[in-house]
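K.L.:
Using only what follows, build the 3D model:
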Amino acid sequence: MLPSVSLRSGLQSIVGAVKHVGKELGRLVTHVLPDSSAIAGSARTRAPAGTAKTRVAARGAPGARYDRRWLWAAWAVPLVVALLMVLSRVQHGRAVQAEYQQLLDSIEQTKLSAELSPTASEQRANIASTLTLIEKALAIKPQEQGLVTEREAMQSWLDRVNRVSRLFYFSLLQELPSGAGNVSSPQRVIATGNDVFVLDAGTQRVYQYLLNEAGDGLQTLTDDPVLLRAGDQYEGAVVGPLLDMAWVEAGGFRGTSGLFIVDQQAQAFVYDALMGMAHLPNLTTALWQSPRAVSGYVGRLYLLDTQAKDLYRHVLTNTGYEGEPSTYFLSAPQADLGTAVDLAIDGNVYILHSDGQISKYQEGVPVPFSQEGIDEPMRSPTSICSTGFMDEEGYVFVADSGNQRIVQFSKTGGFVRQLRASDPVYMDNLKSVFVDATTNRIFLLNRNMLYLAYLPE
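P.N.:
Numbers count the residues shown, from 1 in each chain. Prediction:
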């Protein structure tokens with residue numbers, strides 16, 4: 001129940017204030033004005049009885065009357081001002097109370113409209129309007145507990161309608177440092193087993209961190225966590241400005257799974273725990289124009305080129321790449337790849353666009369990805385990842401930076417839910433997200449922070 005409004009207590013306090021002002025002014029006049037008998041006695045002392053002066057004094061001396069008029073004026077002016085101020089305050093108080101009561105009535109009306117809304121979109125709009133009205137009422141009475149409780153109830157209702165799951169626990173794994181005049185700007189996070197890899201495009205470094213035994217924090221490392229940096233040399237190849245990285249499961253170079261790092265000079269470097277870092281030879285890049293992102297899938301490295309508007313597939317062998325890359329698409333892509341910002345592959349290919357649209361392909365052929373049911377379009381999305389294999393299991397997750405959330409879709413594009421932080425500081429500048437479905441852990445980069453959270457049930 002929302003609080004009711006009564007003017008009685010407010011009016012009583014105002015009347016009390018007026019009485020107090022009048023009483024104090026009366027005391028002031030008593031002390032300031034001369035006694036009339038004293039004035040008359042003084043006049044009789046100064047003039048003999050029966051004279052003209054005596055008759056004037058009997059009626060009151062002109063000077064005394066003159067002084068008395070000024071004293072009365074001095075008393076009346078502040079009284080009038082005080083009364084005007086009191087009246088203004090009363091009028092303002094009544095206006096505020098009327099506005100407050102009107103807000104309470106409007107809150108009840110919009111709440112009822114939300115309960116009777118025939119569609120989710122109308123219900124969402126009415127709940128949002130109710131929350132706006134509650135905020136306005138709280139601006140008048142910030143401590144009104146009934147309104148605070150109502151706001152919490154309406155926000156929970158809106159979360160249910162919008163399929164919001166709140167993330168309350170975030171573990172700060174690492175704050176990525178800046179260095180050598182370069183500001184940290186992490187771009188990609190990948191987790192596999194106990195390894196967590198982060199590519200920082202700002203400092204041009206790739207970091208390798210290790211999770212602790214419980215998997216809820218990082219081990220304290222004695223060695224430098226920098227796995228690779230621009231300017232390093234491997235087998236005569238100098239690492240150029242970093243482009244992107246991807247985890248590729250076994251089936252190609254060395255016959256083992258590994259982390260593949262590609263620089264903007266079309267060089268690739270691969271890392272695995274047994275063999276360390278190596279330069280990956282024979283990468284043919286004649287078709288590259290403006291590579292944007294890379295992804296991997298069972299012995300294949302995929303490169304998204306936004307200017308060429310193509311997806312190149314590099315097949316890996318025990319000695320490196322095998323010949324020219326092939327184009328993934330069997331025909332022209334359904335969507336304009338010039339707007340693509342990221343991709344994910346699980347047997348299907350998912351391409352994320354800057355306007356929030358997702359293009360899905362199977363064996364190079366476009367298939368529907370509806371994004372049906374989402375409460376609001378994505379804005380400035382930054383990364384996409386998927387779990388499971390093709391359409392058999394798993395989900396697609398998108399870091400929706402503009403809306404400060406992570407959006408979860410089914411493999412056919414149905415909106416499942418959105419993950420929002422209980423405190424927006426954890427998602428106010430999302431850069432990348434990676435979901436480990438086997439442990440329900442979410443690794444996310446926000447600003448220059450690496451966080452760990454858990455998928456809600």
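
K.L.:
Can you tell me how far L147 is from L103?
P.N.:
Per CB to CB, to the nearest Å, L147 is found 9 Å from L103. Yep, even glycine has a C-beta here, placed from its N, CA and C like the rest.

K.L.:
Please identify every residue contacting each of those two.
P.N.:
By CB atoms under 8 Å, 6 or more residues apart in numbering, L147 and L103 have these common neighbours: A137.

K.L.:
so where's the stretch 201-350 of the chain shaky on pLDDT?
P.N.:
For the stretch 201-350 of the chain, residues meeting the criterion pLDDT under 70 lie at 251-255, 282.

K.L.:
if you set the cut-off to 80 instead, what comes out?
P.N.:
250-256, 281-287, 317-323, 332, 334 (pLDDT under 80).

K.L.:
Kindly report the same for the stretch 51-200 of the chain.
P.N.:
51-80, 84, 180.

K.L.:
Strands of that one, residue ranges please.
P.N.:
Secondary structure of the stretch 51-200 of the chain (DSSP state E, counting those that start in this stretch): strands at 164-167, 171-175, 186-192, 195-200.

K.L.:
Can you say which of those strands is nearest to M390?
P.N.:
strand 186-192 (19.7 Å; CB to CB).

K.L.:
what's the spacing between W247 and R163?
P.N.:
30 Å.

K.L.:
Domain-wise, how is this structure divided?
P.N.:
For the chain, automatic domain parsing gives the domain ranges 8-162, 166-454.

K.L.:
Of those domains, which stretch is the most buried?
P.N.:
Each of the domains of the chain was scored by mean neighbour count; the highest is domain 166-454, a mean of 18, by mean count of other CB atoms under 10 Å.

K.L.:
just checking, what packs against the longest helix along the chain?
P.N.:
Using DSSP state H to define each element, the chain has its longest helix at helix 62-115. With contacts taken as 3 or more CB pairs under 8 Å, 6 or more residues apart in numbering; DSSP states H and E, helix 62-115 sits against helix 8-32, helix 120-140, helix 145-162.

K.L.:
hmm, try it at 6 Å
P.N.:
The contact analysis (3 or more CB pairs under 6 Å, 6 or more residues apart in numbering; DSSP states H and E) places helix 62-115 against helix 8-32, helix 120-140.

K.L.:
The closest residue to A278 other than its chain neighbours: what's it in contact with?
P.N.:
Computed as CB to CB, 6 or more residues apart in numbering, the closest residue to A278 that is not its neighbour in sequence is V270, at 5.7 Å. Shown in contact with V270 (CB atoms under 6 Å, 6 or more residues apart in numbering): F253, G258, F260, A278, L280.

K.L.:
What values do phi and psi take at V270?
P.N.:
Backbone geometry at V270, expressed as degrees, to the nearest 10, gives phi -120, psi 140.
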